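Trainee: 3D, please:
(chains A and B)
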Amino acid sequence: MLRIFLQRCLSAIPVLFLVVLFTFILIRLAPGGPFDDERAVPPQVLENLNKRYHLDDPIHVQFFDYVKHLLQGDFGPSFKYPSRTVTEVIYAGIPVTLELSLYAFLVALVFGITSGVIASLKPNTLQDYVPMSAAMIGICLPSFVLGPLLILVFGIQLDWLPVSGWGVTPGDKILPSITLGAGYAAYLARLSRGGMLETLSQDYIRTARAKGLSGWRVVFHHALRGALAPVVSFAGPAVAGLLSGSFVVETIYQIPGLGRFYLQAAFNRDYTMILGMTILFAFLIIICNLLADLLLLWLNPKLRGRK
Amino acid sequence: MKNFGIVVALLLAMVVLHGCGEKKLNNVEYGIRNQILYYANGDEPKSVDPHLITGTVENNIIINLFEGLTSKDAKTLEARPGVAESWTISEDGRVYRFKLRENARWSNGDPLTAEDFVYSWRRALNPRLPNAYAYMMFYIEGAEAFYKGENTDFASVGVKAISPHELEVTLKAPAHFFLQLLDHHSYYPVHGPTLEKFGGVEDPTSRWALPENFVGNGPFVLKRWEINKVVELDKNPHYWDADVVRLQAVHFLPIDDQQAEERAFRSKQVHLTNTPQMDIEKIQVYRKDRPEVLRVIPTYASYYYEFNVQRKPFDDARVRKAFALAIERDLLVKNVTKGGEVPAYNFVPPDPEGYTPQIYWREDVEEARRLLAEAGFPNGEGFPVLTLLYNTHDNHHKVAVAIQQMLKKNLNVNIQLENKEWKVYLAARKNVEHDIARAGWLGDYLDPSNFFDILRSYAGNNNTNWKNPRYDELMNTIEATSDPARRNELFEEANRILAEEMPVLPLYFFVDINLVDTSVKGWYDNVMHFHPLKYVYLEASEP
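Mentor: Numbering: from 1, shown residues only, chains lettered A, B, ... in the order given. This is a model prediction of the structure:
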């Protein structure tokens, strides 16, 4: 297991390097620069800015400079917010995004697995159709539709919950967490239902039942562990998706998380910020996938012997 | 597995119960009780350094953090005493002598003196500081030469501290709007010792303007700034006129999504929105249901299309004019933009107190067809398919579609629509790669030169390739003319040239559409979109 871990960590290095290289090239190919404004910037001002941020150096010099600083842990200054560094902005956003993703993930786990299990117990009955139809709707309903709908009902009509902000007004974390988690809950419901159905038909479950174990004990103690394998392999990329894909929800609810910074950085051509965010997200995605793989190994001993 | 369930349940409970039992119901009521204004400000500010900022988002904040020699009356926009309590102007209109208030202080308690202004203006004109608004100071004698590095001795610039409380400013030519200009952020003072402590005057990445280091001289002071969350201002106890300031704090929320902003207002998270555009469909709803909070304010700003006059067939003024005459602006503002915009037949917006341009043409479809035929395209035959460029935005798209249809109906010409992401659109416009491009301009101060200057042959913002020596000559003459009547005559001649040549196609004059809760008092509508918070306060409206 340690060997796999180390192998995967080593292979992450060239991946990250390529991410930096391609992002660096791609953002420079995009038309428009960080200092373009609706009002023409006087040539002298532009020259000063380019000099200040070394944008007048040859592109390969800029790239190696960037990598050099990166290796020292320096993401550089933000072009959009002149008195802040990219590291500072990331520090400001990361706790928010992590918190939002965590809550959304919990929403997904609790609602997804519960309804999947419930559905699998009596397949092709009402107990199956209701949660599975809800899951289908959850998959089909994108967060930019679900978000405003929830706001309309719970924020404005019923006036129960605040409609924007994060940690400002009590309860303002509820709607964003549900909005972000709903789609994943739906996937998890379907996955855990499938996993449960498959496991419940296995011989060892029949044996357990034959021995006279209670229905709940069979489900929770014996079936669920086996049924969760597809859920876990989905969870790794799902967490990565939650982290990097939260920008829609962050925009709807005006949450100061990384997703919004990332989106704004792209619109602003804030080169260093785009690079910093991309590297961070690439890193998070690699870590999440690695963790999911390790978890799978732990859950399923059959995998451990394989090379 | 059991334990896992308990952990999950506990965490969920944390989410639900987070912050329960804290102070307030909604921001609007809490704000009224504590004189805290919640202000939807459209976007995250870049900086609050007055010599670096360029946008309205930043300006909305810093007019409360700093004060110039003069300040503007929020109702009439007339220049009023600011840091200067009085002034005299020489007979030739070039030399201004300001008497500064003895009790003017920085927010750390230091006295504010004439030397501070000399220091600050020197910084604003420092050629190595990327100050995009340095040109606003070129009215001062020697300022332009100093900025361009032609003269490195600041003593050659017409700014002198006569005594700690007396400042003399010499202009290169009389400018009747100079007092108004002194309230522009490029003229604001900055606190020297603080700047020196954080890397000197030239460093745009200096941290002096962050809350922990900030020193200003306005009615409010920077308290907290969490990126993408809030910029919080507190009342400045050292401000010379602190007694009249009733707000205790202001929270600027960087809500950058129109719909989210409107929802925040509807659910009482903010007292007001101060962003120029609102979702068109929502305007009608407010007009019907809550007219008391809807503020529609004509502004000193123009919405227009730019022709690329080097590209055929727009190299022919008759074609450009035919386009201008074929557009039904009344229909456009009534059925498309719907906000009460004013149809424009001039590039320059009217200013009832100053210069109002004459109108030389109106919609005339017959005349438009005749002009187009004369240019070689009878009934639009043989007219190439041209592209109209605009930045991706719902409202711009609606306008573009309407124009496309009107041109098809009235002139039988086909226009292709092309929307581009903001920076791509800016780059295309700057390089004049377009046939026709959407554009807008907002005046920095109330003077028509703000607009006319854009169309000088080599101006940075002239994205039309249009060059006219007579027009440039007029602009130069205006610069050296102080007599308001004579200036207006010259402006009118320039306006006539634009009407004949039509390098830009005026569509309408903007209105700002804001939502302002009835509890907000002392907030006045004006054409400059100028809303200082010094006199604003909150009071619960009668039930």
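
Trainee: quick one: low-confidence ranges for the stretch 151-300 of chain B?
Mentor: Scanning the stretch 151-300 of chain B for pLDDT under 70 picks out the ranges B:276.

Trainee: residues in it within reach of chain A, list them.
Mentor: B:204-210, B:226-230, B:253-257, B:259-260, B:263-264, B:266-267, B:269 (C-beta under 8 Å from any C-beta of the partner chain). Placement of C-beta: from N, CA and C, glycine included.

Trainee: Now stretch A:15-34: buried residues?
Mentor: Neighbour counts over stretch A:15-34 (16 or more other C-beta atoms under 10 Å in any protein chain shown) mark A:19, A:20, A:23, A:24, A:27, A:31, A:32, A:33, A:34 as buried.

Trainee: contacting residues around it?
Mentor: Contacts of stretch A:15-34 with the rest of the structure, by C-beta atoms under 8 Å, 6 or more residues apart in numbering or on different chains, involve A:53, A:55, A:59, A:63, A:66-67, A:70, A:79-80, A:268-271, A:274-275, A:278-279, A:282-283, A:286, B:422-424, B:426-428.

Trainee: what about 7 Å?
Mentor: Residues outside stretch A:15-34 that contact it (C-beta atoms under 7 Å, 6 or more residues apart in numbering or on different chains): A:59, A:63, A:66-67, A:79, A:268-271, A:274-275, A:278-279, A:282-283, A:286, B:423-424, B:426-427.

Trainee: next one: stretch B:60-73
Mentor: B:41, B:45, B:48, B:50, B:53, B:78-84, B:98, B:179-180, B:182-183, B:185, B:187-189, B:216-222, B:231, B:233, B:250, B:252, B:274, B:530, B:532-533.

Trainee: Next step: the contacts of stretch A:15-34 restricted to strands.
Mentor: Among the contacts of stretch A:15-34, no member falls in strands (DSSP state E).

Trainee: For chain B, state which of the buried residues of stretch A:15-34 is nearest.
Mentor: Taking C-beta to the nearest C-beta as the measure, chain B lies nearest residue A:32 of these, at 2.9 Å.

Trainee: gap between the closest one and residue B:460?
Mentor: Distance, residue A:32 to residue B:460, by C-beta to C-beta, to the nearest Å: 16 Å.

Trainee: Excluding chain neighbours, give the residue nearest to residue B:398 in space.
Mentor: Excluding the flanking residues, the one nearest residue B:398 by C-beta to C-beta, 6 or more residues apart in numbering or on different chains is residue B:336, at 5.3 Å.

Trainee: I'd guessed the one you found sits against residue B:400; true?
Mentor: No - using C-beta atoms under 7 Å, residue B:336 is not in contact with residue B:400; the gap is 9.8 Å.

Trainee: neighbour-wise, which of the two wins?
Mentor: residue B:400 (22 against 18; other C-beta atoms under 10 Å in any protein chain shown).

Trainee: quick one on the thing from earlier: weed out the non-buried ones from the contacts of stretch A:15-34.
Mentor: Among these, those scoring as buried are A:63, A:66, A:79, A:268-271, A:274-275, A:278-279, A:282, A:286, B:423-424, B:426-427 (criterion: 16+ other C-beta under 10 Å).

Trainee: From these, which land in helices?
Mentor: Using DSSP state H, the subset of the buried ones among the contacts of stretch A:15-34 located in helices is A:63, A:66, A:268, A:271, A:274-275, A:278-279, A:282, A:286, B:423-424, B:426-427.

Trainee: Report all helices and strands that the lengthiest strand in chain B contacts.
Mentor: Scanning chain B for the strand with the most residues, using DSSP E, yields strand B:294-307. In terms of contacts (3 or more C-beta pairs under 7 Å, 6 or more residues apart in numbering or on different chains; DSSP states H and E), strand B:294-307 is packed against strand B:436-442, strand B:504-515.

Trainee: what's the distance between residue B:388 and residue B:355?
Mentor: Distance, residue B:388 to residue B:355, by C-beta to C-beta: 30 Å.
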